[in-house]
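*Asks:* sequence unknown, structure follows:
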């Protein structure tokens with residue numbers, strides 16, 4: 001094997017090794033570290049009279065199908081009267097969203113009507129200045145909370161070192177309403193639990209998290225993944241702790257089509273690459289475990305599309321070697337089977353495991369598209385409602 005071939009072989013193996021580490025090696029390591037060095041956090045026990053006041057902030061754009069349900073869900077939450085305000089920040093909505101929100105003004109629901117559509121980040125920047133309470137719970141119009149979720153999140157803030165608390169988001173099927181937490185989503189939840197034990201949780205679930213209003217730092221108007229940037233900016237600036245509480249539960253429907261899901265993932269991909277420039281300081285070792293999790297869980301993961309392409313391209317000139325011919329065939333078969341598995345039904349249940357390859361391939365394709373959207377400035381901070389169901393369902 002020539003020196004060039006040796007370099008290509010080493011590069012191919014390195015690329016595949018980094019992908020394996022990002023998806024398999026890192027979870028094993030973070031689990032081991034959490035077992036050895038982590039701690040199981042317990043929420044402080046406080047009386048209802050000690051619970052702090054909370055503003056529930058929901059940014060919305062043309063959410064007439066969901067916003068009333070979201071308001072009713074908020075009004076039904078188990079929280080001391082007078083200590084919870086519900087604020088809907090409307091980003092240039094042109095449908096009946098504002099009209100629906102105004103119906104509930106006499107029940108304490110506030111509308112912040114921003115007539116010009118500027119994007120969620122700009123809306124959040126302006127809305128935070130108009131909130132009344134020291135804690136802010138952020139959520140989406142298509143999300144619903146368990147009755148005790150706000151109470152569970154708020155109780156953590158009796159500990160002054162805690163700045164952000166992330167709840168657990170459960171996905172449901174848009175047609176049946178059944179819980180469809182996929183293997184991949186459970187995998188991500190597992191990582192959140194381990195990272196939280198180490199005090200190194202990365203970002204939040206946009207559908208359910210709470211933070212101290214005083215820690216909010218205005219974000220760039222074109223910020224795409226605000227639920228990632230806002231908590232980590234607070235962590236970067238103040239060193240506050242970010243906690244994951246799986247007992248504080250919210251529910252959200254999955255997108256109704258693969259196209260919608262791919263569009264969502266490419267948007268998240270663009271936001272991920274954008275956030276590196278905003279949060280690169282977290283890579284400094286002074287941030288402890290956060291620097292390790294940010295590099296391993298996020299940056300390496302976002303780079304995987306390039307590792308996969310690099311491995312494929314560097315294997316091609318080496319196919320006259322049996323080992324690399326086999327390696328090329330494995331890659332081609334994997335991508336081909338991933339494409340076919342996308343057409344398999346979801347029942348019986350075991351067929352879902354064949355879709356993991358589809359999820360992996362689609363996610364990395366979405367990241368790749370997101371990278372070029374970010375590079376070419378084709379993605380901004382505005383968002384469109386993701387279609388889920390044609391009709392809303394009653395709030396439980």
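*Replies:* All right, it came through fine. Quantities reported herein were computed from a predicted structural model and do not represent experimental measurements.

*Asks:* Secondary structure element for the closest residue in space to residue 79 that isn't next to it in sequence, which one?
*Replies:* In this structure, residue 79 finds its nearest non-sequential neighbour in residue 150, 5.1 Å apart by C-beta to C-beta, 6 or more residues apart in numbering. Where you see a C-beta, it was placed from the backbone N, CA and C, and this is true even at glycine. Per DSSP states H and E, residue 150 falls inside helix 149-155.

*Asks:* got a list of contacts for that helix?
*Replies:* 43-46, 51-52, 54, 56, 77-79, 84, 135, 137, 165, 167, 208-210, 245, 247-250 (C-beta atoms under 8 Å, 6 or more residues apart in numbering).

*Asks:* Please pick the buried ones from those.
*Replies:* 43, 51-52, 54, 56, 77, 79, 84, 135, 137, 165, 167, 208-210, 245, 248-250 (16 or more other C-beta atoms under 10 Å).

*Asks:* what mean pLDDT would you report for stretch 285-297?
*Replies:* The average pLDDT for stretch 285-297 rounds to 95.

*Asks:* Quote the end-to-end distance of it.
*Replies:* This stretch, stretch 285-297, spans 16 Å end to end (C-alpha to C-alpha, to the nearest Å).

*Asks:* Could you tell me which residues within that stretch count as buried?
*Replies:* Buried residues in stretch 285-297 (16+ other C-beta under 10 Å): 287, 289-294, 296-297.

*Asks:* gap between it and the chain center?
*Replies:* Here stretch 285-297 is found 18 Å from its chain centre; the criterion is C-alpha atoms, centre = their mean, to the nearest Å.

*Asks:* now stretch 287-305
*Replies:* On the basis of C-alpha atoms, centre = their mean, stretch 287-305 sits 15 Å off its chain's mean C-alpha point.

*Asks:* Give me the contacts around that stretch.
*Replies:* Contacts for stretch 287-305 (C-beta under 8 Å, 6+ apart): 18-19, 21-23, 26, 29-30, 33, 191, 195, 198-202, 232, 235-236, 269, 272-273, 276, 279, 281-285, 364-365, 367-368, 371.

*Asks:* Now restrict these to buried residues only.
*Replies:* Counted by 16+ other C-beta under 10 Å, those give 18-19, 21-22, 26, 30, 33, 191, 195, 198-202, 232, 235-236, 269, 272-273, 279, 282, 364-365, 367-368, 371 as buried.

*Asks:* and the buried residues of stretch 285-297, which of them are in helices?
*Replies:* Residues from the buried residues of stretch 285-297 lying in helices, with DSSP state H as the criterion: 289-293.

*Asks:* With distance to residue 342 as extra columns, can I get those in a markdown table?
*Replies:* Shown next, in a markdown table, are those (distance: C-beta to C-beta, whole Å):
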| residue | distance to residue 342 |
| --- | --- |
| 289 | 36 |
| 290 | 35 |
| 291 | 36 |
| 292 | 34 |
| 293 | 30 |
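
*Asks:* which among the residues you listed gets closest to residue 12?
*Replies:* The shortest approach to residue 12 among these belongs to residue 292, at 26.1 Å (C-beta to C-beta).

*Asks:* who's in contact with the least confident helix or strand in the chain by mean pLDDT?
*Replies:* Scoring the helices and strands of the chain by mean pLDDT, DSSP states H and E places helix 258-279 at the bottom, with a mean of 85. Here helix 258-279 makes contact (C-beta under 8 Å, 6+ apart) with 219-220, 222-225, 228-229, 232-233, 236, 254-255, 294, 298-299, 302, 342, 362-363, 365-371, 373-375, 379, 383, 386-387.

*Asks:* and what of stretch 37-50?
*Replies:* With C-beta under 8 Å, 6+ apart as the contact definition, stretch 37-50 has outside contacts at 80, 152, 155-156, 158-159, 194, 196-198, 243, 245.

*Asks:* Name the nearest residue to residue 156, sequence neighbours excluded.
*Replies:* residue 165 (4.7 Å).

*Asks:* cool, and residue 305?
*Replies:* The shortest distance from residue 305 to any non-neighbouring residue, by C-beta to C-beta, 6+ apart, is to residue 368 (4.0 Å).

*Asks:* Name the SS class of that neighbour, please.
*Replies:* helix (DSSP: H, G, I helix; E, B strand; the rest coil).

*Asks:* Please name the strands paired to the helix or strand hosting residue 211 in the sheet, noting orientation.
*Replies:* Assigned by DSSP H and E, residue 211 belongs to strand 209-212. Note on strand 209-212: by DSSP bridges, its sheet partners are strand 135-139 (antiparallel), strand 162-172 (antiparallel).

*Asks:* Out of these, which is closest to residue 313?
*Replies:* strand 162-172 (35.4 Å).

*Asks:* pLDDT on the closest one, on average?
*Replies:* pLDDT averaged over strand 162-172 gives 91.
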